[in-house]
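*Asks:* sharing a model that was predicted from the sequence below.
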Amino acid sequence: MGSAGWLLVTGESPCHVCGKSDWCSVSADGKKAICRRKDGGAGVRRTDRSGQNYWLYELNGHRELILSEDVWQQNGEVLEKADPQTLDQVYGTLLGALTLSPAHRQDLHRRGLTEACVKRSGYRTLPLKGREELAQTLVERFGGEVCSRMPGLYKKEDGQWSVAGATGMLVPVRDIEGRIVALKIRADEAGEGSKYTYLTSTKYGGPGPGSQVHVPLHDDLDVSVVRLTEGELKAEVATALTGTLTVSMPGVSSWRPALEVARSLGSGVVHLAFDADAKHNEQVALALRESYRTLKGRGFEVVLETWPRERGKGIDDLLTSGHEPTLLVGEDARAAVNEIVAEATGVSRILKNAVRATELMAIEFPEPRWIVPGIVPEGTTILAGKPKMGKSWLALGTSVAVAAGGVALGTKRVDRGAVLYLALEDNPRRLQSRLKKLLPGGAGPRRPRVCH
């Protein structure tokens, strides 16, 4: 059992959203479910104390399957996204009908990928025009029923099929068996949204790809050591330039599925290559800490890869610039992770301002300066109390006394000083009325200025 009132999912009773048998939970009364792997579209996104995202779903008192991006309804019929083998076949055909633009090819070469790597990975350009013809070719080959289960393909109101998504470069997302299970689009013009988005049909009432771990093709690589990072292209570049299989997390807070890939590959050593901005991004820092702890707890040897931010944000930027990361293990890695978290959460800034008791006792502080002796010192003073207790009158009377130089509160002699009174709830007429009562002679101090 997990936390009070929650049961961990099992093989006999898997998660209602992702279908997995671990990590997720269902409430003991069967009314709620928590999925920690994916957003099925009907859940409420939450963040736990470790900074990890999860999604809370209502089950209406029944342990029914929650419709997600993989499962949706069409004309009242419950449908499922195509299986990985079909996804690979259809997406492979789609990519085979497209070409790679010179600009996208040049960008991939600039990132350090050779022409052989570019061809092997299957990058293509998704154009703006010709999508209906492209989709129709897929429908004729695989049929409308299969295509309706493909994220990214949809039927328009006029009955014509088309391909969704922004114009840009298509990046194949592969599973551990090398099958293309999703396509990422690196948009040519991202606008206000993210530059990288999945090819999906959710906007048109169809399926989405879910959150997929990307595993670059690795037939000729030693998988006893793997690297984890975020971003499919980062993973491809890091794999190509270092010879170490680099697995891409679907999101910085979705690192657990990537750990399962390392376990399935039989890897014993895992390198963590989170972006260099982790020190300034609390979510990234907390995800780094939790993934590090989980890997250590599962018996992996963990190597932390770090580098200065000026040499690149991601591991791909670092490698492309001709540099290598610093490798930390054991106590050095643990200390570095803690330092990153402390910096990101502000703890280190607090510690920098910390003073030892002996140092504090040795400081000679000057005597405080008083606006109203013994009551209002120099600095900030908060006057609080119940409504209609006379706080405004007290503040105004004290201000007049200081501005004129005289007696405040009936007995406290005060030095004359400049006063700025911000009466943000009073209009000029009301202020004048109050000042007349405080100044029977009718003439106010020469120095005060009243703002309302």
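*Replies:* Yep, it's here.

*Asks:* alpha carbons only for contacts and neighbour counts from here, please
*Replies:* Fine.

*Asks:* next, the residue nearest to the spatial centre of the chain: secondary structure please.
*Replies:* A centroid search over the chain (C-alpha atoms, centre = their mean) returns Q283, at 6.0 Å, as the residue closest to the centre. Secondary structure assignment for Q283 (DSSP: H, G, I helix; E, B strand; the rest coil): helix.

*Asks:* over to C15?
*Replies:* coil.

*Asks:* what residues are up against it?
*Replies:* Taking C-alpha atoms under 8 Å, 6 or more residues apart in numbering, we find C15 in contact with 9, 21-22, 24-26, 33-35.

*Asks:* next: S21.
*Replies:* If a contact means C-alpha under 8 Å, 6+ apart, then S21 has 9-15 as its contacts.

*Asks:* same check, this time on R149
*Replies:* 79-82, 206-207.

*Asks:* please enumerate the helices of the stretch 51-200 of the chain.
*Replies:* Shown for the stretch 51-200 of the chain, the helices assigned by DSSP state H, counting those that start in this stretch span residues 84-96, 102-110, 115-121, 131-142, 144-147.

*Asks:* torsion angles phi and psi at the nearest residue to L328 once chain neighbours are set aside?
*Replies:* Excluding the flanking residues, the one nearest L328 by C-alpha to C-alpha, 6 or more residues apart in numbering is L304, at 5.0 Å. According to degrees, to the nearest 10, the main-chain angles of L304 amount to phi -90, psi 130.

*Asks:* who does L304 bridge with?
*Replies:* For L304, the beta-bridge partners are L272, L328 (DSSP bridges).

*Asks:* what's the distance between it and D219?
*Replies:* 25 Å (C-alpha to C-alpha, to the nearest Å).

*Asks:* of these two, which one has the most company?
*Replies:* Just comparing L304 and D219: by other C-alpha atoms under 10 Å the higher neighbour count belongs to L304, 23 against 9.

*Asks:* local confidence estimate at that one?
*Replies:* pLDDT recorded at L304 is 97.

*Asks:* and S433, helix, strand or coil?
*Replies:* Three-state call for S433 (three-state DSSP): helix.

*Asks:* go on, G417?
*Replies:* At G417 the chain is in coil, as set by three-state DSSP.

*Asks:* shouldn't it be in contact with S399?
*Replies:* No. G417 is beyond contact range of S399, at 9.3 Å (criterion: C-alpha atoms under 8 Å).

*Asks:* which one's more surrounded, these two?
*Replies:* Remark: of G417 and S399, S399 carries more neighbours, 21 against 15, as counted by other C-alpha under 10 Å.

*Asks:* and that one, what does it touch?
*Replies:* 419, 421.

*Asks:* just to be sure, it is in a strand?
*Replies:* No. Read with three-state DSSP, S399 is helix and lies in no strand.

*Asks:* retrieve the pLDDT associated with it.
*Replies:* For S399, pLDDT reads 88.

*Asks:* and it, how close does it get to T320?
*Replies:* For S399 relative to T320 (C-alpha to C-alpha), the value is 65 Å.

*Asks:* then L113?
*Replies:* 10 Å.

*Asks:* what about these two, which has more around it?
*Replies:* Shown here are L113 and T320; by other C-alpha under 10 Å, L113 has more neighbours (22 against 18).

*Asks:* verify the stated contact: the more buried one with A235.
*Replies:* No. L113 is beyond contact range of A235, at 11.4 Å (criterion: C-alpha under 8 Å).

*Asks:* spatially nearest residue to V329 (excluding sequence neighbours)?
*Replies:* Excluding its sequence neighbours, the residue lying closest to V329 (C-alpha to C-alpha, 6+ apart) is V303, at 5.0 Å.

*Asks:* list the contacts for that neighbour?
*Replies:* V303 neighbours (C-alpha under 8 Å, 6+ apart): 269-272, 327-330, 333.

*Asks:* how far away is it from Y292?
*Replies:* To Y292, V303 is 9 Å away according to C-alpha to C-alpha.

*Asks:* check G5 too.
*Replies:* According to C-alpha to C-alpha, G5 and Y292 sit 28 Å apart.

*Asks:* coming back round to it: you'd agree the residue nearest to the centre of the chain is up against S253?
*Replies:* Yes. With contact defined as C-alpha under 8 Å, Q283 and S253 form a contacting pair (7.5 Å).

*Asks:* give me the buried positions along stretch 319-326.
*Replies:* Residues of stretch 319-326 classed as buried under the neighbour-count rule (16 or more other C-alpha atoms under 10 Å) are 319-320.

*Asks:* stretch 370-383 now?
*Replies:* Neighbour counts over stretch 370-383 (16+ other C-alpha under 10 Å) mark 371-372 as buried.

*Asks:* same question, stretch 201-210
*Replies:* 201-202, 206-210.

*Asks:* check these and tell me the two furthest apart.
*Replies:* In the buried residues of stretch 201-210, two members sit farther apart than any others by C-alpha to C-alpha. They are G206 and G210, at 12.3 Å.

*Asks:* how does this structure divide into domains?
*Replies:* Annotated domains of the chain cover 6-68, 70-212, 221-352, 370-451 [automatic domain parsing].

*Asks:* okay, the ones you listed in TSV with distance to E359 next?
*Replies:* Shown next, in TSV, are the domains of the chain (distance: least, C-alpha to C-alpha, whole Å):
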stretch	distance to E359
domain 6-68	35
domain 70-212	50
domain 221-352	14
domain 370-451	24
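
*Asks:* nearest to L360, of the ones you listed?
*Replies:* Nearest of the domains of the chain to L360, taken as C-alpha to C-alpha: domain 221-352 at 14.5 Å.
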